[in-house]
Structure formats: C-alpha cells, structure tokens
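[1] Just a sequence and a predicted model for now, questions to come.
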Amino acid sequence: MAEIIKFKNNRDYRRMYRLGNSFVSPFLVIYVMKNKTGNVRYGITTGKKTGNAVKRNRARRIIRAAFYSVAGNIPSGFDFIFVSRTKTAYMKSTDLANCMNKQLKKAGVLL
C-alpha cells in the first residue's frame, strides 16, 4: 500500500477544487483526482456552517477515522479532499465509512 500524506499547502486545495471531480452525499463531499506522486494524499475541510470549534474538530476526527478504515482498499496515485457537512459531526465513523465506500465506488477509485 502507498504512503498516506496529508495536504499542507493552500495551493493543493485550490487545485483540487478547480480540477477534481466531486461526489456529493448529505454527509460528505469528496473531491477526487489522480496524481503523479504514487502516494495517497488527502485533506479535510470543515466550514463554519458545520458548527462551533468542537463540532468542526469532531467532524474532522470522524472523517479521518473513516478514511483510514477505507484506505486499505484505495490504490496509490490519488488525491482526496473531504468536505464536512452539518450532519457529519453527528455520525459515527463506521457509518461515515460506509457512506465514503459508496462514494468512492461511484468515483471508480476503490479496488
């Protein structure tokens, strides 16, 4: 399995929003794009609509846990951005992992 790397630069997020394909559900928005690094890279964003800082941090933790449970089935060479929605903070990571699986299958990413 490829190394999982977190996005650090704003330009990576902007490039993904501009060029990536988006897949929307009531709980999560996923932007997907192929990369040339051979690694799996990801970023998580939570807006102010999600709630206060506690809810935004909870949403990030849930998304991260769901992504790491699904990451074993993802081939190398993809970039992801996960955007939380207002319902994300109230879910369990296992439920979000199921939702993430469906979206990634629709994107044609999962093995």
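    Sure thing, it's come through. Numbering: from 1, shown residues only.
[2] burial measure for residue 106, as a count.
    13 (other Cβ atoms under 10 Å). Quick note: C-beta positions are derived from backbone N, CA and C, even for glycine.
[3] now the one 4 residues further on
    Around residue 110 there are 15 other residues, counting by other Cβ under 10 Å.
[4] That one should be in a helix, yeah?
    No: Residue 110: not assigned to a helix; according to DSSP: H, G, I helix; E, B strand; the rest coil it is coil.
[5] Lowest-scoring secondary structure element of the protein by mean pLDDT?
    The helix or strand of the chain with the poorest confidence is strand 4-6; it has a mean of 91 (mean pLDDT, DSSP states H and E).
[6] Quick one: residues in contact with it.
    Applying Cβ atoms under 8 Å, 6 or more residues apart in numbering, the contact partners of strand 4-6 are 39, 40, 41, 42, 43, 68, 71.
[7] what's the closest of those to residue 101?
    Nearest to residue 101 among the contacts of strand 4-6: residue 71, at 11.3 Å, using Cβ to Cβ.
[8] Which parts of this protein are helices?
    Secondary structure of the chain, counting by DSSP state H: helices at 10-19, 53-70, 93-107.
[9] would you turn those into CSV with mean pLDDT?
    Output for those, formatted as CSV (pLDDT from 0 to 100):
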stretch, mean pLDDT
helix 10-19, 94
helix 53-70, 95
helix 93-107, 94
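[10] quick one: which of those is nearest residue 2?
    For the helices of the chain, proximity to residue 2 was assessed by Cβ to Cβ; helix 53-70 is nearest, at 13.5 Å.
[11] CA-only coordinates of the closest one in PDB, if you can.
    C-alpha atoms of helix 53-70 as PDB (Å, rounded to 0.1, in the frame of the first residue of the first chain):
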ATOM      1  CA  ALA A  53     -15.000  24.600  17.000                       C
ATOM      2  CA  VAL A  54     -15.900  21.500  19.000                       C
ATOM      3  CA  LYS A  55     -18.200  20.200  16.200                       C
ATOM      4  CA  ARG A  56     -15.800  21.100  13.500                       C
ATOM      5  CA  ASN A  57     -13.000  19.200  15.200                       C
ATOM      6  CA  ARG A  58     -15.300  16.200  15.900                       C
ATOM      7  CA  ALA A  59     -16.300  16.200  12.200                       C
ATOM      8  CA  ARG A  60     -12.600  16.100  11.200                       C
ATOM      9  CA  ARG A  61     -11.800  13.300  13.600                       C
ATOM     10  CA  ILE A  62     -14.800  11.200  12.300                       C
ATOM     11  CA  ILE A  63     -13.700  11.800   8.600                       C
ATOM     12  CA  ARG A  64     -10.100  10.900   9.400                       C
ATOM     13  CA  ALA A  65     -11.100   7.700  11.200                       C
ATOM     14  CA  ALA A  66     -13.500   6.700   8.300                       C
ATOM     15  CA  PHE A  67     -10.800   7.400   5.700                       C
ATOM     16  CA  TYR A  68      -8.200   5.300   7.500                       C
ATOM     17  CA  SER A  69     -10.600   2.400   7.700                       C
ATOM     18  CA  VAL A  70     -11.300   2.600   3.900                       C
END
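[12] Before I go, just wanted to say thanks for your time.
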